[in-house]
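Undergrad: Just need the structure, nothing else, for what follows:
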Amino acid sequence: MPTLSTTKGRTICLCALFSLLLAASAARAQNTHTTIKPVPVKPTSAASGEKMFNEYCAACHGKNAKGDGPAAPALKVPPPDLTTLAQRNGGKYPAMQVQTILHFGAEAHAAHGSQDMPVWGPIFGSMSESSNSSEVQLRIANLTNYLETLQVK
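TA: Numbers count the residues shown, from 1 in each chain. Next comes the predicted model:
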């Protein structure tokens, strides 16, 4: 299991961040088991939900957020299609649920994910030099807002 460390200078590893190497493509083509390789977190701008999604979420959820990322076959529970969150919630985008899951993990809403998904609140906090909670909230809010733009109409 990857580790999380908030000590400066240490590498933060996550199972949701994978190097998208040719080996994964070759493994899929040969019908062999895809493995997840932890890689260091690459901090992105807190201002761009799209950049954060592409860096932190697309490996599992896919570039189009449909749950078909290159790492998805290696997960115990397939990642959900994030473009249908509103559709699955009576037509209303569940922004508070999304924020809770991002901040505290999928265990907070077991029906919406598995323990394979990292808990992003502490990870985002470790990216800030001062563990600035307002930056964590900004990251979570911008990622939540970006996901809302992906909802099917």
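Undergrad: make it CA atoms for all contacts and neighbour counts henceforth
TA: Will do.
Undergrad: Flag the shaky bits of this protein, pLDDT-wise.
TA: 1-33, 107-115, 129-132 (pLDDT under 70).
Undergrad: ok, longest helix in it?
TA: In the chain, with assignment by DSSP state H, the single longest helix is helix 133-149.
Undergrad: Buried residues in that helix, which are they?
TA: The neighbour-count check on helix 133-149 (16 or more other C-alpha atoms under 10 Å) flags 135-148 as buried.
Undergrad: Take these and lay them out in CSV including distance to Glu55.
TA: Below are the buried residues of helix 133-149 laid out as CSV (distance: C-alpha to C-alpha, whole Å):
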residue, distance to Glu55
Glu135, 17
Val136, 16
Gln137, 18
Leu138, 16
Arg139, 13
Ile140, 14
Ala141, 16
Asn142, 14
Leu143, 11
Thr144, 15
Asn145, 16
Tyr146, 13
Leu147, 14
Glu148, 18
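Undergrad: Of these, which is the nearest to Phe104?
TA: Ile140 (10.8 Å; C-alpha to C-alpha).
Undergrad: show me the contacts for the residue nearest to that closest one when sequence neighbours are not counted.
TA: Closest residue to Ile140 apart from its sequence neighbours, by C-alpha to C-alpha, 6 or more residues apart in numbering: Gln99 at 6.2 Å. Counting by C-alpha atoms under 8 Å, 6 or more residues apart in numbering, Gln99 touches Ile140, Ala141, Thr144.
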